[in-house]
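1. Have a look; sequence and predicted model below, questions after that.
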Amino acid sequence: MTNMKTILVTGVNGQVGWELQRSLQGLGRIVALSRNEMDLSNPDSIRTAVRQHNPGLIINPAAYTAVDQAEKEVELAHAINGIAPGVLAEEAKRLNAPLIHFSTDYVYDGDKAGRWLETDATNPQSAYGRSKLAGEEAIRAVQAQHLILRTSWVYAARGKNFLLTMLRLAKDKDTLGIVADQFGAPTWCRTLADMTAHIVASRPDWHEVSGTYHFTCSGETSWHGFATAIFAESAKRGNKVPATLNTLTTDQYPLPAKRPKNSRLSLDKLDQTFGITPPSWEQALALCFEDIR
């Protein structure tokens, strides 16, 4: 029997999963599972864990996120990002429970000039992007109640991410080169968790709202612009920052996985459906620095 007051969250040790434990407080009994308790590369492990707790809502922020390593570990990335979401959707449908699943800007090729709409054609250019798109398609095929939330440039005060990499490099480097021709919205993981909690608390008609949404902070910048803002916030707190921050092109900083040059996502559908207005990426970054302090 489904327990409507139980919310099952995957990837408790990940950036978004960790924050969801805090943001969802008061909305139900939170069951936050680690990889040891639910192995997303193993469909039987997924089914066993879900059936043990019989949740009324499943939230899946967990993913294989090693974008460059995915070019070598295609099967593992596909198992976690492509197959597991479909299994979760099957279990959610069996329980008549909604599934909230996090996806990525990497499902687009990045060649569009303006902001991407949820209805724009997908065309992932990396193994990671293809695996995440496969997960979206698997969920839709099951036809369960679901929200697919595409986000971008996620960072946190813990784990491995661009923000913490910049702060680590700043301790030893006086000069850094940062890519300046890729654009998107840096998104704090707590912003994602809080907005997710707002949706859950609004008790929507899941059948009516089921679909795909863009889910980021508002505004836009380049990686170079993001780094500049990081160091400005860090300098305010008396920390050492690089004296020189050079601009690089994507071609000057080759990586195994191709990145979308344009990851700017339209947030209109999110606002129209749920009345959510995400904070600017600058506001969220300043709040995150308070956590780091």
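-> Everything's here; your move. On a predicted model such as this, the values are computed, not experimentally measured, just so you know. Numbering: from 1, shown residues only.
2. So which bits of stretch 14-30 are buried?
-> 14-20, 23-24, 28, 30 (16 or more other CB atoms under 10 Å). Glycine gets a C-beta too; all of them are placed from N, C-alpha and C.
3. Throw the residues you listed into JSON lines and include secondary structure and distance to Ala70, thanks.
-> Formatted as JSON lines, those follow (DSSP: H, G, I helix; E, B strand; the rest coil; distance: CB to CB, whole Å):
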{"residue": "Gly14", "secondary structure": "coil", "distance to Ala70": "16"}
{"residue": "Gln15", "secondary structure": "helix", "distance to Ala70": "17"}
{"residue": "Val16", "secondary structure": "helix", "distance to Ala70": "18"}
{"residue": "Gly17", "secondary structure": "helix", "distance to Ala70": "19"}
{"residue": "Trp18", "secondary structure": "helix", "distance to Ala70": "22"}
{"residue": "Glu19", "secondary structure": "helix", "distance to Ala70": "24"}
{"residue": "Leu20", "secondary structure": "helix", "distance to Ala70": "24"}
{"residue": "Ser23", "secondary structure": "helix", "distance to Ala70": "28"}
{"residue": "Leu24", "secondary structure": "coil", "distance to Ala70": "29"}
{"residue": "Gly28", "secondary structure": "coil", "distance to Ala70": "33"}
{"residue": "Ile30", "secondary structure": "strand", "distance to Ala70": "29"}
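4. Spatially, which two of the residues you listed are the most separated?
-> Gln15 and Gly28 (21.5 Å; CB to CB).
5. which residue ranges form the strands in the stretch 1-150 of the chain?
-> 3-9, 29-32, 55-60, 99-104, 146-151 (DSSP state E, counting those that start in this stretch).
6. so which of the ones you listed comes closest to Asp181?
-> When the strands of the stretch 1-150 of the chain are compared by CB to CB, strand 99-104 sits nearest Asp181, at 19.6 Å.
7. And that closest one, what does it pack against?
-> Here strand 99-104 touches strand 55-60, helix 84-95, helix 127-142, strand 146-151, helix 189-201, going by 3 or more CB pairs under 8 Å, 6 or more residues apart in numbering; DSSP states H and E.
8. and if we set it to 10 Å?
-> Packing partners of strand 99-104 (3 or more CB pairs under 10 Å, 6 or more residues apart in numbering; DSSP states H and E): strand 3-9, helix 15-23, strand 55-60, helix 84-95, helix 127-142, strand 146-151, helix 189-201, strand 211-214.
9. Now do Gly184 against Asn81, distance only.
-> Look at Gly184 and Asn81: by CB to CB, to the nearest Å, they are 19 Å apart.
10. now swap in Thr247 and tell me
-> For Thr247 relative to Asn81 (CB to CB), the value is 32 Å.
11. wait, which of the strands of the stretch 1-150 of the chain is closest to Tyr253?
-> Nearest to Tyr253, of all these, is strand 99-104, at 20.0 Å by CB to CB.
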